[in-house]
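Q: Let's see this in three dimensions:
(chains A, B, C and D)
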2 protein chains.
Amino acid sequence: MPKDRSPTRIQKKNRAAILEAALEVFSAHGFRGATVDQIATQAGLSKPNLLYYFPSKEAMFTALLSELLDTWLDPMREINPEGDPLEEILAYVQRKLQMSRDYPRESRLFANEIVQGAPRMLDALSTDLRGLLEEKCAIIETWMAAGKINRTHPKHLMFSIWSLTQHYADFDVQVRMLMGDEDPFDAAPEFLETLYRRMLTPKG
Amino acid sequence: MPKDRSPTRIQKKNRAAILEAALEVFSAHGFRGATVDQIATQAGLSKPNLLYYFPSKEAMFTALLSELLDTWLDPMREINPEGDPLEEILAYVQRKLQMSRDYPRESRLFANEIVQGAPRMLDALSTDLRGLLEEKCAIIETWMAAGKINRTHPKHLMFSIWSLTQHYADFDVQVRMLMGDEDPFDAAPEFLETLYRRMLTPKG
DNA sequence: CTTGGATTTGACCAACTGGTCAAACTCACG
DNA sequence: CGTGAGTTTGACCAGTTGGTCAAATCCAAG
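A: Numbering: from 1, shown residues only, chains lettered A, B, ... in the order given. Have a look, this model is predicted:
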């Protein structure tokens, strides 16, 4: 295992290669379904070499999670309390949809883990996600109280956004199988915009 | 392996116990993450005994899938072309939500499999699901053409219903962690009814 | 160029896992 | 009862997998 002084050129390169490979393999097969050998092959390194950089398979997984969770939550952080309520929420939906299009592996990584009870992620979630959600829900509630958007259950509203957008990444194979040639991401942005505009525009 | 004449009392009981245990274990850990031993313990039988009833782990899994897929699609089958369009869709949403509440393991079983690319399910899906979806989307399109509900992309509409309802089963741990004491299924029915009513009621 | 730390790996191990099998046991039925 | 088919299992096997380690190789700083 590398000493924890400032990382060498090689350490930086290999750690990055391993985490990229780990993302590829873990997101496709889940933690248990992935093997260290697969990740090693994907990264172009030998298995013992991986275990020189990470003490265990588990450590690779948690390192990957903590590296990604922050970026994953960025779209939500960008919700601006000062902006126009409806437009803020619509923009958030579009950012989340972009994430599903551009980073489907990340989405599936989290999906895999949460569906199985999030045994290795609950702590991180209840730390980082919980607070952020409370904060944004409070904002949404003031918007509702001010009559800027229709009144509804803020948490369920957020869940619905996560669910609808991540569905296109997590259930990609099913969606594509059912849509044939058509690219799901062609119509999805408009569909979701319409949905939330009708849902939230006041005086419905 | 039992002969394929009419099953004995013991065969019926044990096959059922095995499939119930398999559902429990596969839905919690995915195919690769589940072990035959776990299923055996859960079923109260020995490992070789399971393999007396099913030739392989794979066979247990596919038997389970094909047994469940039919019931899983029932709520969609019940959509009635003769009924009131908006009410038919709202009722479908509620049926799906009930499924998530009452059969979360089934939902997670499918979710696990599809997130990982549905390697053992794509055939069944493209046979059973594809046709059913086309049929129901055609109905929805006539409803839209007749101005009974707002015009939108029918397939995306169906995806949205699956996504929103199954989210409460598949991401159960996350949802409950974020909602604290409150039961997600208390507010979900009303939330979803409001959402689809606003989305679909004509002249929005 | 030397040298000591950083990096890499072939060989190996113990635990686990899906699956087999012959022997033992149970049960329905005559 | 007795008997043969139906059922159960302990012992076992081969392949896989996470992880170890000593030896070999590489590399950057003096």
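
Q: domains of chain A?
A: With domains defined by automatic domain parsing, chain A comprises A:1-55, A:66-200.

Q: Could you export those as TSV, including distance to residue B:96 and mean neighbour count?
A: C-beta here means a position set from N, CA and C on the backbone, and glycine is covered the same way. Shown next, in TSV, are these (distance: least, C-beta to C-beta, whole Å; neighbours: other C-beta atoms under 10 Å in any protein chain shown):
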stretch	distance to residue B:96	mean neighbour count
domain A:1-55	25	16
domain A:66-200	13	18
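
Q: nearest to DNA strand D, of those domains?
A: Closest to DNA strand D of the domains of chain A is domain A:1-55 (C-beta to the nearest atom of the strand; 3.5 Å).

Q: I'd like the mean pLDDT over that closest one, please.
A: Averaged across domain A:1-55, the pLDDT comes to 93.

Q: just stretch A:72-89 next, same as before
A: 98.

Q: ok, now how distant is the closest residue in space to residue A:143 that isn't next to it in sequence from residue A:141?
A: Closest residue in space to residue A:143, ignoring its immediate chain neighbours: residue A:85 at 4.0 Å, by C-beta to C-beta, 6 or more residues apart in numbering or on different chains. Per C-beta to C-beta, to the nearest Å, residue A:85 is found 11 Å from residue A:141.

Q: ditto for residue A:182
A: Using C-beta to C-beta, residue A:182 is found at 38 Å from residue A:141.

Q: circling back: mind putting the domains of chain A into TSV with distance to residue B:191?
A: TSV is the format used below for the domains of chain A (distance: least, C-beta to C-beta, whole Å):
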stretch	distance to residue B:191
domain A:1-55	30
domain A:66-200	4
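
Q: Make JSON lines out of those domains and add distance to DNA strand C.
A: Shown next, in JSON lines, are these (distance: least, C-beta to the nearest atom of the strand, whole Å):
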{"stretch": "domain A:1-55", "distance to DNA strand C": "3"}
{"stretch": "domain A:66-200", "distance to DNA strand C": "14"}
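
Q: Just tell me which of those ends up closest to residue B:113.
A: In terms of C-beta to C-beta, the element of these nearest to residue B:113 is domain A:66-200, at 9.7 Å.

Q: now that closest one: how far from the chain's centre is it?
A: 9 Å (C-alpha atoms, centre = their mean, to the nearest Å).

Q: which SS state does the residue sitting furthest away from the middle of chain A fall under?
A: Distance from the C-alpha centroid of chain A peaks at residue A:203, with 33.1 Å (C-alpha atoms, centre = their mean). Three-state call for residue A:203 (DSSP: H, G, I helix; E, B strand; the rest coil): coil.

Q: For DNA strand C, see how far away it is.
A: Note on residue A:203: its distance to DNA strand C, by C-beta to the nearest atom of the strand, to the nearest Å, is 57 Å.

Q: Does chain B have contacts with stretch A:173-183?
A: Yes - using C-beta under 8 Å from any C-beta of the partner chain, stretch A:173-183 comes into contact with chain B via A:173-175, A:177-179.

Q: ok, so of those residues, who is nearest residue B:169?
A: Nearest member of those to residue B:169, counting by C-beta to C-beta, is residue A:174, at 15.9 Å.

Q: Run through the residues that contact residue A:40.
A: Shown in contact with residue A:40 (C-beta atoms under 8 Å, 6 or more residues apart in numbering or on different chains): A:21, A:46-47, A:49-50.

Q: Chain neighbours aside, what residue packs nearest to it?
A: Using C-beta to C-beta, 6+ apart and skipping the chain neighbours, the partner closest in space to residue A:40 is residue A:47 (4.5 Å).

Q: got it, and residue A:37?
A: The shortest distance from residue A:37 to any residue other than its chain neighbours is 5.5 Å, reached at residue A:47 (C-beta to C-beta, 6+ apart).

Q: again, but for residue A:108
A: residue A:27 (4.4 Å).

Q: wait, what's in contact with that neighbour?
A: Taking C-beta under 8 Å, 6+ apart, we find residue A:27 in contact with A:104-106, A:108-109, A:112.

Q: Please repeat the previous calculation with a cut-off of 10 Å.
A: By C-beta atoms under 10 Å, 6 or more residues apart in numbering or on different chains, the residues touching residue A:27 are A:34, A:64, A:68, A:103-113, A:169, B:115-116.

Q: SS state for the residue nearest to residue A:72 when sequence neighbours are not counted?
A: Using C-beta to C-beta, 6+ apart and skipping residues adjacent in sequence, the residue nearest residue A:72 is residue A:106, 6.1 Å away. Three-state assignment for residue A:106 (three-state DSSP): helix.
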